[in-house]
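Asks: For reference, the sequence and a predicted model appear below.
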Amino acid sequence: MEYKYWIAAGLVGYLLLAGCSANTQATVQESQTVEFQSEPTETIQPVQEDTAVESTSTAAIPTEENLPEPTDTPGENSTAPISQAEVLAVNLNGEPGNYSFSVKISSPDEGCNQYADWWEVLSLEGELIYRRILLHSHVDEQPFTRSGGPVPIEAATDVLVRVHMNNSGYSNLAMKGSPEQGFEQVEIDSDFAQGLHKIPPLPGDCNF
């Protein structure tokens, strides 16, 4: 009986030892498998994320090399020069109190839409003395001369002779002088005696 007991006890011990060994191997294999699967996740994915962020960040930063060249645009405040006429010469005939003025004018006439519509004689204080209405444009006659009178001034009286454009107003280039001393070209203020453009006589319809 004792012999059978020891055989049975030895068999049980062997089985228990074999079971422990199998559990140990399974544990080791399971641990190795888990460790092997976690390695690529921890190593590869963060590198890919950092690379993508760095690439996007670099493309978004402007540099001096890739900035667009500035372009010139037309200034919104630039304006075309206003066309104006000019008195070139003044000649007189007559006597004190009754002079006839012969005035030579250069003007950028284009027809009834733009032409010199009168010349006038005024005092140095800006009072209208005489006005000669021009009935039509002088597109094909430049410069041109037109006479008018009588102009009731004395021989020593200084006056101004200036010309008016129908679309741009008075020229600031005028002739200054007297029958006695003659005339020379001067420049006057652009706002000098501007109100005279409303005083008759005034031109009617332009003929051509």
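Replies: Happy to help now that I have it. Residues are numbered from 1 along each chain as shown.

Asks: right, and the helix or strand after the worst-scoring helix or strand of the chain on mean pLDDT?
Replies: Every helix and strand of the chain was ranked by mean pLDDT, DSSP states H and E. The lowest is helix 2-60, at a mean of 44. Proceeding N to C from helix 2-60, the next assigned helix or strand is strand 86-95, under DSSP states H and E.

Asks: Report the mean per-residue pLDDT for that next one.
Replies: For strand 86-95, the mean per-residue pLDDT is 96.

Asks: Could you list the paired strands of it along with their orientation?
Replies: strand 98-106 (antiparallel) (DSSP bridges).

Asks: contacting residues around the partner strand?
Replies: Residues from elsewhere that reach strand 98-106 (CB atoms under 8 Å, 6 or more residues apart in numbering): 85-94, 116, 119, 121, 130, 132, 142-153, 161, 163, 175, 179. Every C-beta, even on glycine, is put in place using the N, C-alpha and C of the backbone.

Asks: Mind doing that once more with 7 Å?
Replies: Residues outside strand 98-106 that contact it (CB atoms under 7 Å, 6 or more residues apart in numbering) are 85-94, 116, 119, 121, 142-153, 161, 163, 179.

Asks: Now, of those, which are buried?
Replies: 85-88, 90, 92, 116, 119, 121, 144, 146, 148-149, 151, 153, 161, 163, 179 (16 or more other CB atoms under 10 Å).

Asks: Next, the contact list for Lys176, please.
Replies: 158, 160, 183-184, 186.

Asks: Which ones among the residues you listed map onto strands?
Replies: 160, 183-184, 186 (DSSP state E).

Asks: hmm, which two among these are most spread apart?
Replies: Leu160 and Glu184 (11.3 Å; CB to CB).

Asks: Pick out whichever of those two has more residues nearby.
Replies: Taking other CB atoms under 10 Å, Leu160 and Glu184 do not tie; Leu160 has more neighbours (22 against 9).

Asks: I'd guessed the more buried one sits against Glu120; true?
Replies: No: Leu160 lies out of contact with Glu120 (CB atoms under 7 Å); the separation is 8.7 Å.

Asks: Test my guess that Val163 contacts Ser171.
Replies: Yes: using CB under 7 Å, Val163 is in contact with Ser171, at 5.4 Å.

Asks: Can you work out which residues contact both of these two?
Replies: Shared contacts of Val163 and Ser171 (CB under 7 Å, 6+ apart): 85-86.

Asks: Remind me which helix or strand the closest residue to Val186 other than its chain neighbours belongs to.
Replies: Closest residue in space to Val186, ignoring its immediate chain neighbours: Lys176 at 4.5 Å, by CB to CB, 6 or more residues apart in numbering. Per DSSP H and E: Lys176 is located in strand 173-178.

Asks: For Lys198, give me the backbone phi and psi.
Replies: According to degrees, to the nearest 10, the main-chain angles of Lys198 amount to phi -100, psi -10.

Asks: Could you report the neighbour count for it?
Replies: So Lys198, with other CB under 10 Å, has 7 neighbours.
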